[in-house]
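# Prediction below, plus the sequence it came from.
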Amino acid sequence: MMKPFMTFILTGLTSTFFFGQSFLLEQQLKKSNILRITEYLASDSLWIAITEYGNDSLITRQCNGYGCRNSWKYHYRISDTTSIIYYCEDNSTMCSLLNYSYSENGNLTSKRHFSKHDTLHPSTVYSDYVRGKHNRIIAYSIYRYYPGRTIVELHKIINKRKEKVISDYCLTQNGFLVVDKYKYTRKHFMKERLSYKIKLPDKKSIFSRFHKKREIGIHVKYKNDKNGNWIKSYYVNGIRKRLRSYRNIEYRS
């Protein structure tokens with residue numbers, strides 16, 4: 001039996017998983033009957049990205065770049081306690097992989113990413129999941145492994161259902177608080193994403209309140225189709241917005 005979280009990762013969000021999984025919201029796909037998504041950059045007409053799905057709603061192939069020259073094929077090994085995704089470069093036997101592990105009751109316990117150069121030791125691990133009301137994830141950790149050092153990110157998720165905002169707060173080792181805010185509509189269609197970081201003040205400084213300057217990383221708004229999948233994204237700068245990218249989504253009949 002395939003785990004629900006696996007379905008969420010590969011086929012997109014349903015309202016059931018929308019709350020408490022904010023670290024994956026930008027991959028939102030509201031429906032699973034998608035055949036193909038083609039994305040274009042507004043700033044570069046030669047760049048393209050294509051994602052194709054099989055009858056089981058799992059990704060079968062992706063490509064991107066100029067002429068879609070970078071391409072990968074996907075393969076899966078799925079059981080009750082483990083789901084492994086292999087994504088392999090075309091014309092190559094080297095594959096990167098994602099390994100999802102679950103508890104006996106189906107809760108995600110870890111996600112491990114292995115590069116194609118080392119499939120024995122993970123390069124990134126998501127773990128330490130804490131669940132709150134309705135079994136939603138409210139905190140987790142990310143471990144990034146580099147030669148000679150490990151970077152740890154501590155994440156906390158706050159879901160303000162009345163305001164229809166999910167926020168993912170990340171405390172970094174270099175003293176920054178990185179925030180990802182996702183806003184959605186009454187129908188649970190994602191409509192906006194705001195990412196920024198704050199340099200936390202020195203507790204010894206009497207001027208600490210003036211050090212909390214917010215540095216905007218990205219502010220994007222989305223236009224959705226009738227199924228709730230975004231088809232246009234816009235950069236936002238104050239009250240002005242500029243087309244960032246657009247997508248053509250083909251559904252199965």
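It's in. For clarity, every value in this text was computed on a predicted model and none was experimentally measured.

# Would you mark the buried spots in stretch 81-100?
Under the neighbour-count criterion of 16 or more other C-beta atoms under 10 Å, stretch 81-100 has 83-88, 95-100 buried. Just so you know, the C-beta spots here come from the backbone N, C-alpha and C atoms, and that holds for glycine as well.

# Out of these, name the ones that lie in strands.
The strands in this structure, assigned by DSSP state E, contain 83-88, 95-100 from these.

# I'd like these written out as TSV, with pLDDT and distance to Y222 added.
Supplementary listing: these in TSV, determined by pLDDT from 0 to 100; distance: C-beta to C-beta, whole Å:
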residue	pLDDT	distance to Y222
S83	93	28
I84	95	31
I85	94	26
Y86	95	30
Y87	93	25
C88	94	31
C95	94	32
S96	95	28
L97	95	30
L98	95	25
N99	96	30
Y100	94	27
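
# Out of those, flag the one nearest to R131.
Y100 (16.1 Å; C-beta to C-beta).

# For that closest one, name its beta-bridge partners.
Note on Y100: beta-bridge partners by DSSP bridges are S83, K111.

# Just to check, it is in contact with L108?
Yes: under the contact definition of C-beta atoms under 8 Å, Y100 touches L108, with a separation of 6.4 Å.

# hang on, the earlier thing: farthest-apart pair in the buried residues of stretch 81-100, please.
Across the buried residues of stretch 81-100, the two members that end up farthest from each other (C-beta to C-beta) are C88 and Y100, 17.9 Å apart.

# picking that back up, ok, so of the buried residues of stretch 81-100, who is nearest Y143?
Minimum separation from Y143 among these (C-beta to C-beta) is found for N99, which lies at 14.0 Å.

# any idea how far the closest one is from I37?
25 Å (C-beta to C-beta, to the nearest Å).

# Could you pull out the strands in the stretch 101-250 of the chain for me?
Taking DSSP state E, counting those that start in this stretch to define them, one finds strands in the stretch 101-250 of the chain at 108-114, 124-131, 137-146, 149-160, 165-171, 176-184, 190-199, 214-224, 230-237, 240-251.

# and the closest residue in space to R247 that isn't next to it in sequence, how far is that from I231?
Closest residue to R247 in three dimensions, ignoring its sequence neighbours and counting by C-beta to C-beta, 6 or more residues apart in numbering: E39, at 4.6 Å. In this view, E39 and I231 are 10 Å apart by C-beta to C-beta.

# For the two, list the residues in contact with both.
With contacts defined as C-beta atoms under 8 Å, 6 or more residues apart in numbering, the residues shared by E39 and I231 are 246-248.

# Generate a ChimeraX selection restricted to the buried subset of those.
Selection of buried members from those for ChimeraX, criterion 16+ other C-beta under 10 Å:
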select :246,247
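
# Turn the shared contacts of E39 and I231 into CSV, columns for distance to E153 and pLDDT.
CSV is the format used below for the shared contacts of E39 and I231 (distance: C-beta to C-beta, whole Å; pLDDT from 0 to 100):
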residue, distance to E153, pLDDT
Y246, 32, 96
R247, 29, 95
N248, 35, 96
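
# Closest one of the shared contacts of E39 and I231 to E104?
Distance from E104 was checked for each of these by C-beta to C-beta. The minimum falls on R247, at 38.2 Å.

# what residues are up against the closest one?
Taking C-beta under 8 Å, 6+ apart as the criterion, R247 is in contact with 37-40, 229-232.

# again with T82
Neighbouring residues of T82 by C-beta under 8 Å, 6+ apart: 99-102.

# and the gap between it and K116?
In this view, T82 and K116 are 20 Å apart by C-beta to C-beta.

# Show the pLDDT at the closest residue to S103 other than its chain neighbours.
Distance criterion C-beta to C-beta, 6+ apart; nearest residue to S103, sequence neighbours excluded, is T109 at 5.4 Å. Per-residue confidence for T109 comes out at a pLDDT of 95.
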